[in-house]
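A.B. asks: predicted structure and sequence below. I'll ask about it afterward.
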Amino acid sequence: MNKKRHLILPILLSGLLLSGCNQKTDEKSSASSSTETSVRSEPVGTPVNIDPVLAKKGEELYNQNCVFCHQADAIGKPGFAPSLTNKEFLSVSSDKFLLGTIRDGRPGTGMPPFSHLGRSQVEAIVAFLRAHSKEANISAIVDAQPDAHGDPRLGKLWFDQICSTCHGFDGDGYSAGSTGTAIGKAGFLNKVSDGFIRHTIVNGRTDTRMLGFSGPAAMANLTDKEIDDIISYLRTVPSKD
């Protein structure tokens, strides 16, 4: 009887230890899965509410000032003017970014300043653009992302190999005969956050040549570090002045 007790006790202890290990493993796996899900999930954002009267006024102003380059309904024209109603573009663009870009233009590109319209009319144009929104606005969340602290030297390698094929070697865009926009100019870089650039590289923009560059199905499955390297390089490109 004593021998049986001596044999059973170690077996019970082993079972308890294995049970505890399995529980810890399951908890760790669950936590890891939860973390991975939260990292990959898209920000919720803020619903877009538009004043229809203001948007109607904005449409009139758009047709008087912007339609010649950005086309009807602001769908853009590849190699000439970008789409302003692309759903990803509108979702990551703050009103401040849109207002400032329309007001100041983009020096070194075909986008002139429209400061002569005054704030109220520029706000109307923004309302017209917002009326095309298909997703919640996540600009506040995106702009709150940390700044990139990558290696610009490595970023240049990635930029030259991947990004320059559309945006030009110095990010000069259309003026260099490229199909992509001038992301190397101060008029763009001084108005966007690193989060804006990061989100665009990761997710791309549907119905454009700007594909997403993160994930197994992407054109180039760039890591977070490599994307930050590209952003850090963009902040130093020769054409930005």
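C.D. replies: Received, thanks. Owing to the predicted nature of the structure, the values given are computational and were not obtained by experimental measurement. Numbers count the residues shown, from 1 in each chain.
A.B. asks: domain ranges for the chain?
C.D. replies: 52-130, 145-240 (automatic domain parsing).
A.B. asks: what about the longest one, average pLDDT?
C.D. replies: The pLDDT scores in domain 145-240 average 90.
A.B. asks: just stretch 109-116 next, same as before
C.D. replies: Stretch 109-116 comes out at a mean pLDDT of 95.
A.B. asks: chain center to it: distance?
C.D. replies: Here the centre of stretch 109-116 is set off from its chain's centre by 24 Å, with Cα atoms, centre = their mean, to the nearest Å.
A.B. asks: ok, residues contacting it?
C.D. replies: Contacts to stretch 109-116, defined as Cβ atoms under 8 Å, 6 or more residues apart in numbering, come from residues 65, 69, 80-81, 101-105, 122, 173-175, 182, 185, 187. C-betas here are computed from N, CA, C, even on glycine.
A.B. asks: so which bits of that stretch are buried?
C.D. replies: Residues of stretch 109-116 classed as buried by neighbour count (16 or more other Cβ atoms under 10 Å): 109, 111, 114.
A.B. asks: contacts only, for the closest residue to residue 143 other than its chain neighbours.
C.D. replies: Nearest residue to residue 143, sequence neighbours excluded (Cβ to Cβ, 6 or more residues apart in numbering): residue 193, at 4.2 Å. Residues in contact with residue 193 (Cβ under 8 Å, 6+ apart) are 142-143, 145.
A.B. asks: tell me which of these is nearest to residue 230?
C.D. replies: residue 145 (14.7 Å; Cβ to Cβ).
A.B. asks: secondary structure element holding the residue nearest to that closest one when sequence neighbours are not counted?
C.D. replies: Distance criterion Cβ to Cβ, 6+ apart; nearest residue to residue 145, sequence neighbours excluded, is residue 195 at 3.2 Å. Residue 195 is part of helix 194-203, with elements assigned from DSSP states H and E.
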